[in-house]
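Engineer: The sequence and its predicted three-dimensional model are supplied below.
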Amino acid sequence: MPAHDTGPVLPAVSLRELVGRSDLGLRQVGGPRRDVAISLVHTSEMDDPLPYLLGGELILSAGVRFPGPDGSDAAPHGGLRGAGDASDGASPHWDRYVARAVEGGAAALGFGLAPVHDETPRSLVEACDRYGLPLLEVPRGTRFASVERAVWQALTEARHRELRRVAEAQASLATAAARPDPVP
């Protein structure tokens with residue numbers, strides 16, 4: 001995790017739980033198939049994610065700033081880039097991007113299909129496999145905001161469970177302390 005992370009430890013949501021939600025339609029297409037803890041969601045189209053990460057993020061990106069195979073910024077075929085389109089020219093770019101995301105402590109990467117790509121680029125899948133970063137494909141009909149909401153709802157529910165547990169423990173201690181003989 002980056003050295004600049006000084007925030008409190010927060011509950012996390014399981015990647016497996018998120019992928020298991022049928023309403024989101026997420027599919028893991030690369031990286032290790034292990035479960036990881038997601039503590040934040042960060043949507044970004046920056047070329048280098050590292051300066052913006054705290055660690056534990058699910059990064060969401062549509063790959064808007066990634067070059068096409070000919071090095072141009074314009075996506076071929078009516079604005080959509082497919083898996084074959086990004087296999088050569090964008091490979092070093094994806095490799096560097098994934099390496100920097102891993103260096104920043106990212107938990108996973110969610111790659112959105114549309115408006116730029118119609119398939120997850122093969123070179124991105126390969127980079128995630130190489131660096132051990134789980135890669136989720138976010139289908140065309142799923143908004144990033146829906147993924148963010150699902151994560152925040154799961155995190156809120158986990159925090160509420162934790163607070164209930166603490167409140168119940170505190171109530172038990174108060175009950176025990178109120179007895180005439182609180183310590184056996």
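Structural biologist: Arrived safely, thanks for sending.

Engineer: Any buried residues in stretch 47-63, and which?
Structural biologist: Across stretch 47-63, burial judged by 16 or more other CB atoms under 10 Å covers 49-50, 53-63. Where you see a C-beta, it was placed from the backbone N, CA and C, and this is true even at glycine.

Engineer: Out of those, which sit inside strands?
Structural biologist: Judged by DSSP state E, strands contain the following of these: Glu57, Leu58, Ile59, Leu60, Ser61.

Engineer: Now do the same contact list for the third one.
Structural biologist: Listed by CB atoms under 8 Å, 6 or more residues apart in numbering, the contact set of Ile59 reads His42, Thr43, Ser44, Pro49, Leu53, Ala101, Ala106, Ala108, Leu109, Gly110.

Engineer: Correct me if wrong: His117 contacts Ala62.
Structural biologist: Yes - His117 is in contact with Ala62 according to CB atoms under 8 Å; the separation is 7.1 Å.

Engineer: Overlap in contacts, these two.
Structural biologist: By CB under 8 Å, 6+ apart, the residues touching both His117 and Ala62 are Phe111.

Engineer: What are the boundaries of the helices in the protein?
Structural biologist: For the chain, the helices defined by DSSP state H cover 15-19, 76-79, 91-103, 122-131, 144-178.

Engineer: which of the ones you listed sits most buried?
Structural biologist: Of all the helices of the chain, helix 122-131 carries the top mean neighbour count, a mean of 22, counting by mean count of other CB atoms under 10 Å.

Engineer: now that helix: mean pLDDT?
Structural biologist: Confidence for helix 122-131, expressed as mean pLDDT, is 96.

Engineer: Report the distance from it to the chain centre.
Structural biologist: Its chain's C-alpha centre and that of helix 122-131 lie 16 Å apart, by CA atoms, centre = their mean, to the nearest Å.

Engineer: Check stretch 131-143 too.
Structural biologist: Offset of stretch 131-143 from its chain centre (CA atoms, centre = their mean): 8 Å.

Engineer: Show me which positions of that stretch end up buried.
Structural biologist: Buried residues in stretch 131-143, counted by 16+ other CB under 10 Å: Tyr131, Leu133, Pro134, Leu135, Leu136, Glu137, Val138, Thr142.

Engineer: Let me know whether Val147 touches Leu58 as I believe.
Structural biologist: Yes - using CB under 8 Å, Val147 is in contact with Leu58, at 7.5 Å.

Engineer: returning to that earlier point: mind putting the helices of the chain in JSON lines, distance to Gly31 included?
Structural biologist: Compiled in JSON lines, the helices of the chain are given as follows (distance: least, CB to CB, whole Å):
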{"stretch": "helix 15-19", "distance to Gly31": "10"}
{"stretch": "helix 76-79", "distance to Gly31": "27"}
{"stretch": "helix 91-103", "distance to Gly31": "9"}
{"stretch": "helix 122-131", "distance to Gly31": "4"}
{"stretch": "helix 144-178", "distance to Gly31": "17"}
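
Engineer: Nice, that's everything, thank you.
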